[in-house]
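>>> next input, structure requested:
(one chain, ligands or ions: 1)
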Amino acid sequence: MAKRLPYSAPRLELITPRSMQKHRTVEISAAETVLDDVGDVKALLREFGSPLYILSEKVLRAQYRSFRDTFAAPGVDTVVAYSYKTNYLPAVCSILHQEGAWAEVVSGMEYDLARSLGVPGAKIIFNGPYKRPEELARAIKEKALINVDNFDELDLLVSVAENLGIEARMGLRINFQYGRQSWTKFGMNADNGEALEALHRIKKAGRWLRFEALHNHSGTFQVDPDIYSRAAQVLIAIAKSARALGLTPGIADFGGGYPSNNRLKPAFDVPGGSGSSGQFLAPFAEAIVGPLSKARKGFGERPTLVLEPGRALVDTAFRLACTVVARKNIAGQGEAVIVDAGVNLVPTAYWYDHGINATSNNELQATLAAKPVAVFGPLCMQVDVLRERAVLPNMSLGSPLIISNVGAYCITQSMQFIQPRPAVVMVGSQGVEVIRRRETRSDIFGMDSIPPRLRSKGATF
Ligand SMILES: Cc1ncc(COP(=O)(O)O)c(C=O)c1O
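Prediction:
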């Protein structure tokens with residue numbers, strides 16, 4: 001007699017449709033094996049191993065151009081300063097610099113990288129709440145724009161500039177209250193007089209400071225352009241106060257935070273879902289450029305508008321290809337697959353529902369067979385879940401899966417936890433090029449040593 005399977009109760013599953021867009025109405029469940037912009041993913045995995053980050057040069061350049069053009073406006077000089085920490089693979093930064101981007105850096109290490117890639121100091125914006133004296137000295141000498149975060153840093157900047165005998169190009173980072181989740185950790189507060197006090201201190205510092213900019217970075221993955229309208233009002237008001245003191249700011253820097261094509265998990269999204277997409281940046285540009293182009297009294301005749309996008313430029317240019325290494329039926333939960341890439345490589349899976357697609361030569365067949373499946377990573381950790389529910393066709397062992405929009409904060413925040421990190425290839429005008437090789441054991445343990453007294457006889461380390 002055939003062996004009976006244990007009874008498992010049927011489950012009803014609500015599959016939330018994605019926002020209606022031109023080419024996408026529901027969660028994509030299957031994609032072609034050969035993708036328009038990166039070619040044959042299976043072949044790439046065979047050649048470079050799995051998992052594998054794949055950068056599409058074409059998409060990266062297109063994202064940059066579309067962002068730049070969206071924020072360009074008459075009467076304003078628009079500068080796009082790429083936020084390095086989002087993804088500082090040297091090849092990525094180099095492409096964006098080739099396109100005309102400046103560098104926005106938040107540490108001496110990033111500053112040094114930008115310089116080593118050939119970015120002149122005058123095209124570097126140095127942000128962040130902690131800058132060492134020697135880093136400030138270098139930035140002053142090389143004429144970078146230093147956005148000051150706090151009063152201690154302001155004092156330090158004056159003393160470093162005075163010691164060098166060189167005027168520092170500087171701006172002030174401003175914060176303001178906007179709803180419950182305001183980013184008030186950074187900068188001087190506009191609401192309580194702190195920003196005004198900072199202007200007075202700048203004035204007092206006299207010839208050691210050249211006050212050029214007001215800066216605000218209001219948060220990340222902002223889904224409501226209104227916060228940028230508020231930022232514009234705040235920065236313009238402070239710029240006017242600065243002019244009343246005889247200071248002459250000409251740069252309005254609105255930081256980053258513009259959304260990418262990723263989809264926030266419902267817990268982090270606005271009710272009903274924001275349906276954010278990089279195509280929808282125009283309202284963000286209007287919120288900023290509209291008021292700024294009328295702000296002659298604050299930022300002068302021809303203001304420079306600086307934007308520091310990160311995720312809006314790089315997110316969609318990267319995919320992570322990985323492989324199904326096991327399949328499971330989890331009691332009371334349904335089907336799951338384990339893949340060889342986890343939250344160590346896609347930390348953003350904690351707050352995004354990344355698109356996860358199967359590669360398939362027969363999209364129709366795969367779509368008809370699609371069902372909700374949990375996608376787990378390979379780490380020995382309960383939290384290593386890439387998607388609680390992805391809609392996927394039947395998976396065989398060894399099937400490739402593609403995780404989309406992993407360009408931002410995945411590689412820079414990836415962890416050497418349990419598994420070495422994968423290679424990164426770029427597919428572009430020159431075919432396939434390796435832009436980061438796969439990590440090896442000695443990359444991970446090469447910095448370590450064992451004191452001789454602890455070394456066991458058989459140790460080969
Ligand atoms: C000062 C500053 N600028 C720009 C960015 C880039 O942000 P995003 O990737 O959200 O555009 C960040 C990131 O938090 C930041 O702190």
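>>> residues in the stretch 1-150 of the chain within reach of the ligand, list them.
Within the stretch 1-150 of the chain, the positions near the ligand by Cβ under 6 Å from any ligand atom are 83, 86, 104, 127. C-beta coordinates here come from the backbone N, C-alpha and C atoms, glycine included.
>>> same check, this time on the stretch 201-350 of the chain
Proximity of the stretch 201-350 of the chain to the ligand, by Cβ under 6 Å from any ligand atom, involves residues 217, 220, 221, 255, 256, 257, 258, 308, 309, 310, 311, 312.
>>> any idea which of these is closest to residue 398?
residue 311 (31.9 Å; Cβ to Cβ).
>>> which neighbouring elements make contact with the strand ranked longest in the chain?
Longest strand of the chain, by residue count under DSSP state E: strand 318-330. When contacts are defined as 3 or more Cβ pairs under 8 Å, 6 or more residues apart in numbering; DSSP states H and E, strand 318-330 packs onto helix 41-48, strand 52-56, strand 334-339, strand 400-404.
>>> ok, back up a step: now rank the residues of the stretch 1-150 of the chain next to the ligand by neighbours and give me the top one.
Among those, the one with the most neighbours (other Cβ atoms under 10 Å) is residue 104, at 32 neighbours.
>>> let me know the secondary structure of it.
Using DSSP: H, G, I helix; E, B strand; the rest coil, the structure places residue 104 in strand.
>>> now render the residues of the stretch 1-150 of the chain next to the ligand as CSV, adding secondary structure and distance to residue 355.
Converted to CSV, these look like this (DSSP: H, G, I helix; E, B strand; the rest coil; distance: Cβ to Cβ, whole Å):
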residue, secondary structure, distance to residue 355
83, strand, 23
86, helix, 19
104, strand, 28
127, coil, 31
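>>> got the angle for the longest strand of the chain vs strand 334-339?
140 degrees (axes from the mean of the first three to the mean of the last three Cα atoms, to 10 degrees).
>>> among the residues of the stretch 201-350 of the chain next to the ligand, name the ones in strands.
The members of these all map outside strands under DSSP E.
>>> what bridges to the residue in the stretch 51-200 of the chain that the ligand sits nearest to?
Using Cβ to the nearest ligand atom, residue 83 is the residue of the stretch 51-200 of the chain that sits closest to the ligand, at 3.6 Å. Note on residue 83: beta-bridge partners residue 104, judged by DSSP bridges.
>>> does it touch residue 256 like I think?
Yes: counting by Cβ atoms under 8 Å, residue 83 touches residue 256, with 5.0 Å between them.
>>> shared neighbours, the two?
104, 308, 309, 310 (Cβ atoms under 8 Å, 6 or more residues apart in numbering).
>>> of the residues you listed, which is the nearest to the ligand?
When those are ranked by distance to the ligand (Cβ to the nearest ligand atom), residue 310 comes first, at 2.4 Å.
>>> neighbours of the closest one, just the number please.
By the criterion of other Cβ under 10 Å, residue 310 has 25 neighbours.
>>> any chance of the residues of the stretch 201-350 of the chain next to the ligand in CSV, plus pLDDT and distance to residue 332?
Below are those laid out as CSV (pLDDT from 0 to 100; distance: Cβ to Cβ, whole Å):
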residue, pLDDT, distance to residue 332
217, 97, 44
220, 90, 36
221, 91, 33
255, 98, 45
256, 98, 42
257, 96, 40
258, 96, 41
308, 98, 46
309, 98, 43
310, 98, 40
311, 96, 36
312, 96, 40
